[in-house]
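Visitor: need a structure here:
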Amino acid sequence: MSSQEQKTAASWLKETQKGYLRIAVLILLSRKPHHGYEIMKEIKERTGGFWRPTAGGIYPILQSLEESGYIEGAWDSRQRRKRKTYQITETGRPVLQQALTRENQIAESMSDLFREFMKDVLDVKSVSTPMMPNPFSVFLEERKEKPDDTVSMLERKQKQIEEMIETMQKQRDAISKRLARLEKPKKTTSRRRLN
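Guide: Reported below is the predicted structural model:
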């Protein structure tokens, strides 16, 4: 893979992550007002450290969402430090709902494409592919005030992944059997040529 291809792929993934962060921010702000640091901390905790947004990543997103009218910020000077606290607007709520609906449609389409590939290309007869987990489920769940729920969240995710692995192993075994059957006639044909 050329360096230009690597740069292009990295750029696409960065844009995808920004889109996911925008949605995660809107979900959090739809529940209660937050300031930037709280948003970064909440995202890190809810994803078990998988996403670790920085100020350089979150504040431009907050600024963009505020300029678009999807969130609004107000300065809070009751603390020692002035902080801007954000909340979702009535304009932002339908945008969030549409983004979540669209993300579900994309996940379903990707699952359909994968099933089609399994049937048509790999000739697997019965395909029961697991749905990809919703990347926003950790933000959509009601959260206890204690960060201890990270353990239960990680255990749930681990169980989901183990179930997906089991399903994929069964599919791999079915493909291996199919490949063995398809390769068997080739070996027989090549032996006949030698005789």
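Visitor: So which elements touch the helix or strand hosting I58?
Guide: Per DSSP states H and E, I58 falls inside helix 55-67. Counting by 3 or more C-beta pairs under 8 Å, 6 or more residues apart in numbering; DSSP states H and E, the packing neighbours recorded for helix 55-67 are helix 3-31, helix 36-46, strand 71-76, strand 83-88. For every residue, glycine as well, the C-beta is placed using N, CA and C.
Visitor: So for it, what gets flagged as buried?
Guide: Buried residues in helix 55-67, counted by 16 or more other C-beta atoms under 10 Å: G57, I58, I61, L62, L65, E66.
Visitor: same thing with stretch 27-43?
Guide: By neighbour count on 16+ other C-beta under 10 Å, the buried set for stretch 27-43 is I27, L28, L29, S30, P33, H34, H35, G36, I39, M40, E42, I43.
Visitor: Surely the third one and I71 touch.
Guide: Yes - contact between L29 and I71 holds when scored by C-beta atoms under 8 Å: they sit 5.7 Å apart.
Visitor: where do the contact lists of those two overlap?
Guide: Y86, Q87, I88, G92 (C-beta atoms under 8 Å, 6 or more residues apart in numbering).
Visitor: Could you point out which of those residues is nearest to A9?
Guide: G92 (30.7 Å; C-beta to C-beta).
Visitor: The helix ranked longest in the chain: how far from the chain's middle?
Guide: Looking across the chain with DSSP state H, the single longest helix is helix 149-194. Relative to its chain's centre, helix 149-194 lies at 24 Å (C-alpha atoms, centre = their mean, to the nearest Å).
Visitor: Below-threshold pLDDT in this protein: ranges please.
Guide: Low-confidence segments of the chain (pLDDT under 70): 121-150, 153, 185-195.
Visitor: how about a cut-off of 90?
Guide: 1-20, 44-53, 57, 75-83, 99-195 (pLDDT under 90).
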